[in-house]
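Asker: just the structure for this:
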Amino acid sequence: MPKERLQKILAAAGIDSRRNCEQLILDGFIRVNGKIVDTLPAFADTETDCITVDGKKLRPKQKVYYLLNKPKGVICTNSDPGGRTKAIDLVDYKGRIFCIGRLDADTIGAIILTNDTAISNQVTHPRHQFTKTYVVCVKGKVTTEAVEKLKKGIWLAEGKTAPMKVKVLKAHHTESIIEIKLHQGLNRQIRRVMAKVGYKVTSLKRTKIGKISLHHLGVGRYRKLTKAEIDYLKKI
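Answerer: As a prediction, the model looks like this:
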């Protein structure tokens, strides 16, 4: 596990705000492996280093991992000036947690919430090409030509999207339902690529994050990740 900034570790453990924790370090109240640390930047590893605050051993908060089936209209940030409901508001946990990645407000489905920054960085880093699965409902009948374009990648303002795995689940003249698997996380990517091939998305749901599935988890409901699921994330 990579070392983190010491003030960040202290703040995450509930000692004080990050700024006040910086001052505790500068005032000489913090020791790492028995040595006073009183300069910044300073780094430590909570799994291998012994950190004390004014002589008391730091006990980092236990790592937690939740899978939420995010409802429509709920946002994935930790603050919102508009007062909208946040994903973190739906999980009964007293400490600080955050979403791994984001779903836009109009998209429902799987989102993982945690206080583990290391796992969050692993899952969201582009080099890991972590696959997400979506079920997309659009107006009209999806053509074979449109599906082939999606599979090869679509040009957007950021460049050409990576190839996607696309499976037609239903194709009717009034409505089509397709499954899309992708590992990119461009802003509103699925809605934008579908618009590029001539279709308006009427509903969008993320059903899986890698191998972690919603199964029968109801909208607005959440559960703790299993040990096997947590280990899977750590091995990415």
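
Asker: how far does stretch 134-150 sit from its chain's centre?
Answerer: 26 Å (C-alpha atoms, centre = their mean, to the nearest Å).

Asker: mean confidence for stretch 38-47?
Answerer: Averaged over stretch 38-47, pLDDT sits at 92.

Asker: buried residues in that stretch?
Answerer: 42, 44, 46 (16 or more other C-beta atoms under 10 Å). C-betas here are computed from N, CA, C, even on glycine.

Asker: quick one: residues in contact with that stretch.
Answerer: Stretch 38-47 has contacts (C-beta atoms under 8 Å, 6 or more residues apart in numbering) with 1-7, 9, 22, 25-28, 30, 32, 51, 58, 60.

Asker: same thing but at 10 Å, please
Answerer: Around stretch 38-47, the neighbours that count as contacts under C-beta atoms under 10 Å, 6 or more residues apart in numbering are 1-10, 12-13, 22, 24-33, 37, 49-51, 58-61, 63, 118.

Asker: by contact count, what packs against the strand or helix carrying residue 23?
Answerer: Counting by DSSP states H and E, the element that carries residue 23 is helix 18-26. Under the contact definition 3 or more C-beta pairs under 10 Å, 6 or more residues apart in numbering; DSSP states H and E, helix 18-26 sits against strand 4-5, helix 6-12, strand 30-32, strand 51-53.

Asker: helices or strands up against the third one?
Answerer: Using 3+ C-beta pairs under 10 Å, 6+ apart, the elements in contact with strand 30-32 are helix 6-12, helix 18-26, strand 43-44, strand 51-53.

Asker: how far does that strand sit from its chain's centre?
Answerer: 32 Å.

Asker: please apply the same query to the shortest one.
Answerer: Shown here is strand 4-5, whose average C-alpha point lies 20 Å from the average C-alpha point of the whole chain (C-alpha atoms, centre = their mean).

Asker: picking that back up, between the helices and strands packed on helix 18-26, which one is nearest to residue 165?
Answerer: strand 4-5 (35.4 Å; C-beta to C-beta).

Asker: what's residue 182 in contact with, if anything?
Answerer: So residue 182 contacts 129-134, 150, 153, 161-166, 189-190, 193 (C-beta under 10 Å, 6+ apart).

Asker: which residues are contacting the lowest-mean-pLDDT helix or strand in the chain?
Answerer: Least confident helix or strand, the chain: helix 117-124 with a mean of 84, by mean pLDDT, DSSP states H and E. Residues from elsewhere that reach helix 117-124, judged by C-beta under 10 Å, 6+ apart: 1-2, 4, 8, 12, 46-47, 63, 65, 98-102, 112-114, 116, 128, 130, 132, 185, 209-210, 230, 233-236.

Asker: report the buried members of those residues.
Answerer: By 16+ other C-beta under 10 Å, the contacts of helix 117-124 give 12, 46, 65, 98-100, 102, 112-114, 116, 130, 132, 209-210, 230, 233 as buried.

Asker: in helices only, show me these.
Answerer: Using DSSP state H, 12, 230, 233 are the members of those that sit in helices.
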